[in-house]
Each structure stands twice: as C-alpha cells, then as structure tokens.
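quick one: sequence plus predicted model below, questions after.
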Amino acid sequence: MHKTLTGSVMLALAIAGACQPAWARSPAASANEAATARHYASLIAGEQPKVAELTLFFTQMPKGGDLHHHYSGSVYAEQYVDFLDKQGLCVNKQTYRIETDKAVIAAERAKPAAERNCLSSAEVYADDHTFRELLQRWSNKDFANHGALQPPPDRLFFQTFGFFGPVSNANFREGLQELKKRAIAENVGYIETMFKLSPFVANADFDQKAWLNVDNNAALEAELRAALGALEQDPAFARSTSDFVARIQEAAEGIDDERFTMRYQTYVLRLLNPSQVFSSMVSGFKAATMNDKIVGVNIVGQESANVSMRDYTLHMKMFRFLKSVYPKVKVAMHAGELAMGDVPPEGLKFHIDQALVVAGAHRIGHGLDLVHESNAPEIMKKMREDDIPVEINLTSNAFINGVEGANHPINLYRKYGVPYVISTDDAGVTRHTLSNEYVLFASRYKPAYAEMKRTSYNSIRYAFLSVAEKQRLTRQLDQRFAAFEARVAALAKTAKPSK
C-alpha cells in the first residue's frame, strides 16, 4: 500500500533533484569521496581514535549549518569584555558583575587606578587574576581542571547569562559579525540562532485562570483566545512587537553574503508567569509572520527549574493554540533536557512526547530523557515517520546534565531511524565549536563517513528555510564538499604508512 508523500519527503526530493551538478557524477569526484572515506575510517579505527587528526579533518570539512544555537551563549566572554568600553560600563572586580549605574561608574573612574574597584576592558585584561576569575564565572573556563570551590555545572551554566547580560543585550551587530567570522573560519555555511526574547506583558488575572484551567482544555482555550484578542487590540503591545522585529532586522544587516547565511528564531522564557509566557509567544509568532528572516519560535530556560516543570503542560497547550492560529510558523522546542536525578522520576516521563503531540514541534532540542519517557517507542516512530529531527548537543549535554558516551540516547535515535543534526547550543559558555562537536561524535560513536556527510547536509535539510533557500545552500554545500574531498584525497597520498 503506497502512502502519500509527506511535505518533508517532497521537500527532500526537490532539494536532491536540484543538486546534481556534473562534477558530482564524475569519476574523479567519486574517487575523491572514496579516498576521503578511507582516510576518515583510518582516523576512527582502533580503541583510540586519532583525535588530533579528526580535529584537523572536521575543522576543514564543510558543516552545512548549526540549528541549535543561542546567540547570547555563543559569543565568547572575551568578546563581551571588549563590549564594556563600547557601552561605557565596567566590571566590579569583587563580584565580577557589570556595573550599569552611570554615577557609580563616574565615581570609580575618578579614583586613582590602584583604588579602582570597577574595571574597564583594558583594566580587566591587565589584571590577570580578575580576568581569569571572570572567565570562570562568565563561562565554564577551567571548570574541570581547577580546585577552587565552584557551583554545580548546571547552576554555573545558567548563571553565566546574568553576568554578561548587560552587554549581551546590546552590540548585536558586532556580536553577529563575530559569530559569522568564526563560522566561516570553520567552514559552517548557515546558522539559525535563537536571537532575542520576544516582548511580553503581565496579567495576574490571566495567570490565575491559566493555572486553574490547565486540565480543562475547552476552558483553557477560551482563556487563551480571550487573551489573544486583548493583545491584538493593545496598541502598545503591537508597537513593542514591531520594534522587536525592527531591531532584529537592523542587527541582521550585512550578515548574509555568498559565503554565509543566518536566520533568527524568537524565543520565550519558560521561567516566567503564564501571562508573560503567553504574550511572549504571541509576539514571537507574530514576528515570524512579519519578517522572513525570523523563521521560528522556541522556548528556553532551565527545564528542571520548578516553574518550568510546574507549567510544562500549560506551555505546550499554549503552543498548540498558537499553532492553530499561525499554522505556517515553525516551532523548535527544548524538550527532555533532563537526566536522572535532575527531577523526580515522574518528571522524566512526558516532555518530548508533549512537545511533539501537544505542541506540534518541528524539531526537538536535546531530547535527552528519551529512555525514561513512557512513550519512547512511539516518540521515535513519530519522529521517524514525520521526519522530525533531534538536535544533538554533546558538549552541553555532558556539562549540564552529565550525559555522555554510551549513556547518551543518540545511538537509540540512530538505531531506530530518527533523523538528527549536530549543533553547538552555547559554544561561548562551554567554549567549543561545531567542528569539536563533530569530533566528539565521530570519536565516540564511530559512524561511517557517509553518515557524517549526511549529517552535514541534514543541517540544511531541516533548517526552517524555504525550498529555494535550501536548494541554494545545498548547491553551495555540494561544491564545498567536492573541493574538500579533493584536498583530502591529495593529502592522503602524501601520508606515510604507520610503523
């Protein structure tokens, strides 16, 4: 019995059909690909993969894109230190927090340098103790190799955003340009970044009604519809959404060119009250209909936090409602970023399932708690049949949740045919690159070169882009792989045999 082709399958066929240049079928290209596959196989062979050579290999290998990427967590702490002077701010060398009070800053600058407690960019760099201590609070620098007292890794990770927040919420154009430069240097052609928290308003009456009706679908939908109507009639809310879109458009100017493309997700913060989360969702969905560079909506915030757990089902139902109002808007969802012990066992049973079945997510971010979910076989079946990928973030998962190696569910997803992409999450906080994620994946799980290459293409296939844009980026990736495989084939001929 033949099934009707799904939209995602038709899209994949359209992309594949548009990307068959003559060189891709040539004997030379096939020979280069085979030589590259043999060279790669030699790097992962044996009990100890050749990590240094794998790093060289994947730094040069084209990576189509990075689809699970937080802007504020991807800018390195050093860049944020550079922004201090640009904004006229300073860092308190006792607390390592940014001082924003102009009167305090002026008073500090009037003091002799030796007595100053709040430091400029240059002064931070000149004071090695302050600089190193700052890096240990603004990122995970030295977490694994120093003996000082330190918070648990998940707490350290989520606390970093409070330290660099005053500079990460400005200087967007410079930050995006830095991310672009770094991406090009490691052969990444596309980033889809979770860029900005969409605007929100508070409504205590709505909060109470939402909590009261979370298990009554009809009553909850009535409340959501009434709240949406009120927001749509609010001129101030409309202005805040328009201003939000304008700021994203302004920051994005000059980013796209023939080498690199960037698109933007808005996001909501799951740690807020229901009225704030819902209104933020509304502005995010609206923003995605107002500008084609805004390609989706996400939800962020520590999933194991009390508010996140309490309101998880409520948030999923909010997404379901707004998906019915804005059916063309794409949704990526942080779901199941939990490990045993993060929450009581019953809290591990339903997050991925509800993100898929209730909220209608088009991609799942992390999906770590799969093995504990009550519906795990059906989850994998749905993701496989509906062509919904999981976004794999190995460094982040190991640092925040302690899940790595054979304990990571990636092999389950692979075994049961769930599509996946490899991504970075917050490379500035955890101080790594997308190339490093490929190295970790290859050295730990030893996939064939064909699978690694397909993974690179998957990050274009599952991007929230139009068919035409996917075809364009796929053609570019074809060309970049042809050049890469030719270089690797030539390099392999010069390698001396192992003794």
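Yep, that arrived.

now do the contacts for residue 262.
Each residue near residue 262 by CB atoms under 8 Å, 6 or more residues apart in numbering is listed here: 176, 179-180, 190-193, 252, 255-256. Glycine gets a C-beta too; all of them are placed from N, C-alpha and C.

same thing with residue 462?
Per CB under 8 Å, 6+ apart, neighbours of residue 462: 67, 363, 389, 419, 421.

those in strands, which ones?
67, 363, 421 (DSSP state E).

quick check: the closest residue to the second one other than its chain neighbours vs residue 288, distance?
What it means is residue 363. Leaving aside its chain neighbours, residue 363 sits nearest to residue 332 (4.3 Å; criterion: CB to CB, 6 or more residues apart in numbering). For residue 332, the distance to residue 288 equals 12 Å [CB to CB, to the nearest Å].

mind listing the shared neighbours of the two?
296-297.

returning to what we had before: could I get the ones in strands among the contacts of residue 462 as TSV with distance to residue 374?
Shown next, in TSV, are those (distance: CB to CB, whole Å):
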residue	distance to residue 374
67	27
363	22
421	26
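
look up how far residue 365 lies from residue 174.
27 Å.

more crowded one of the two?
residue 365 (27 against 15; other CB atoms under 10 Å).

test my guess that that one contacts residue 68.
Yes - when contacts are counted by CB atoms under 8 Å, residue 365 is listed as touching residue 68 (5.3 Å).

what sits in contact with each of the two?
Counting by CB under 8 Å, 6+ apart, the residues touching both residue 365 and residue 68 are 332, 391, 393.

for the residue nearest to residue 312 when sequence neighbours are not counted, give me phi and psi.
Leaving aside its sequence neighbours, residue 312 sits nearest to residue 351 (CB to CB, 6+ apart; 6.4 Å). Main-chain torsions, residue 351, degrees, to the nearest 10: phi -70, psi -50.

what does residue 46 give?
Dihedral angles (degrees, to the nearest 10) for residue 46: phi 80, psi 180.

bridged to the nearest residue to residue 166 once chain neighbours are set aside, which residues?
In space, and not counting its chain neighbours, residue 166 is closest to residue 98: 4.4 Å by CB to CB, 6+ apart. Taking DSSP bridges, one finds residue 91 as the beta-bridge partners of residue 98.

in contact with residue 98, which residues?
84, 89-92, 163-167.

what about residue 75, distance to residue 435?
For residue 75, the distance to residue 435 - CB to CB - is 18 Å.

what of residue 153?
23 Å.

these two - which one has more neighbours?
A count of neighbours by other CB under 10 Å puts residue 435 above the other of residue 153 and residue 435, at 22 against 17.

buried sites along the helix or strand where that one lies?
Under the criterion of DSSP states H and E, residue 435 resides in helix 434-445. By 16 or more other CB atoms under 10 Å, the buried positions in helix 434-445 come out as 434-445.

got it, and stretch 172-186?
Buried residues in stretch 172-186 (16+ other CB under 10 Å): 172, 175-176, 178-180, 182-183, 186.

could you do stretch 46-55 as well?
Quick answer for stretch 46-55 (16+ other CB under 10 Å): 49, 53-55.

send me it as CSV with only the CA atoms.
The C-alpha coordinates for stretch 46-55 follow below in CSV (Å, rounded to 0.1, in the frame of the first residue of the first chain):
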residue,chain,number,x,y,z
GLY,A,46,41.0,1.1,16.9
GLU,A,47,40.3,1.7,20.5
GLN,A,48,41.9,5.1,20.5
PRO,A,49,40.7,7.3,17.6
LYS,A,50,43.2,9.8,16.3
VAL,A,51,41.6,12.9,17.9
ALA,A,52,44.1,15.4,16.7
GLU,A,53,43.8,14.3,13.1
LEU,A,54,40.0,14.2,13.4
THR,A,55,40.1,17.8,14.6
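
now do the domain split for this protein, please.
What automatic domain parsing lists as the domains of the chain is 78-138, 172-477.

most tightly packed of those?
Comparing the domains of the chain by mean neighbour count (mean count of other CB atoms under 10 Å), domain 172-477 comes out on top with a mean of 20.

which strands and helices sit next to the host helix or strand of residue 129?
Assigning secondary structure by DSSP H and E places residue 129 in helix 128-138. Counting contacts by 3 or more CB pairs under 8 Å, 6 or more residues apart in numbering; DSSP states H and E, helix 128-138 packs against helix 77-87, helix 121-126, helix 153-168.

contacting residues around the last one?
For helix 153-168, contacts defined as CB under 8 Å, 6+ apart pick out 71-73, 75, 77, 80, 83-84, 87, 89, 96-98, 100, 137-140, 143, 150-151, 175, 302, 304, 342, 399-402, 426, 429-430.

list the buried residues for it?
In helix 153-168, counting by 16+ other CB under 10 Å, buried: 153-154, 156-158, 160-161, 163-164, 166-168.

quick one: which of the contacts of residue 262 sit in strands?
190-193.

so which of those would you say is closest to residue 292?
residue 192 (13.2 Å; CB to CB).

so can I have CSV of the contacts of residue 98 showing distance to residue 476 and pLDDT?
Shown next, in CSV, are the contacts of residue 98 (distance: CB to CB, whole Å; pLDDT from 0 to 100):
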residue, distance to residue 476, pLDDT
84, 37, 95
89, 39, 96
90, 43, 95
91, 41, 96
92, 46, 95
163, 37, 91
164, 33, 93
165, 35, 92
166, 37, 92
167, 33, 93
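
gap between the two ends of stretch 133-144?
14 Å (CA to CA, to the nearest Å).

go on, stretch 186-205?
50 Å.

which residue, other than its chain neighbours, is closest to residue 380?
Nearest non-adjacent residue to residue 380 (CB to CB, 6+ apart): residue 416, at 4.4 Å.

chain center to stretch 168-176: distance?
Distance of stretch 168-176 from the chain centroid (CA atoms, centre = their mean, to the nearest Å) equals 17 Å.

can I get it as CSV, trimmed to CA atoms?
Below are the C-alpha coordinates for stretch 168-176, written out as CSV (Å, rounded to 0.1, in the frame of the first residue of the first chain):
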residue,chain,number,x,y,z
SER,A,168,24.8,40.7,25.5
ASN,A,169,21.6,42.7,25.3
ALA,A,170,23.3,45.3,23.1
ASN,A,171,26.0,45.3,20.4
PHE,A,172,24.0,42.8,18.4
ARG,A,173,25.5,43.7,15.0
GLU,A,174,29.1,43.3,16.3
GLY,A,175,28.2,40.1,18.0
LEU,A,176,26.6,38.6,14.9
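
for the helix holding residue 435, packing partners?
Counting by 3+ CB pairs under 8 Å, 6+ apart, helix 434-445 packs on helix 27-44, helix 51-60, strand 63-70, helix 394-396, helix 410-415, strand 420-422, helix 449-461.

centre of the chain to that helix, how far?
On CA atoms, centre = their mean, the centre of helix 434-445 falls 17 Å from that of its chain.

spit out the contact partners of residue 330.
288, 295-297, 362, 464.

just these: which are in strands?
Short answer: the contacts of residue 330 in strands (DSSP E) are 295-297.

hmm, back to that, the contacts of residue 462: which two are farthest apart?
Pairwise over the contacts of residue 462, using CB to CB, the maximum falls at 67 and 419, 11.6 Å.

which residues touch residue 231?
Here residue 231 is in contact with 201, 237, 279, 282 (CB under 8 Å, 6+ apart).

same check on residue 339?
368-369, 401-403.

please tell me how far it sits from residue 363.
With CB to CB as the criterion, residue 339 and residue 363 are 21 Å apart.

ok, residue 273 next?
For residue 273, the distance to residue 363 - CB to CB - is 27 Å.
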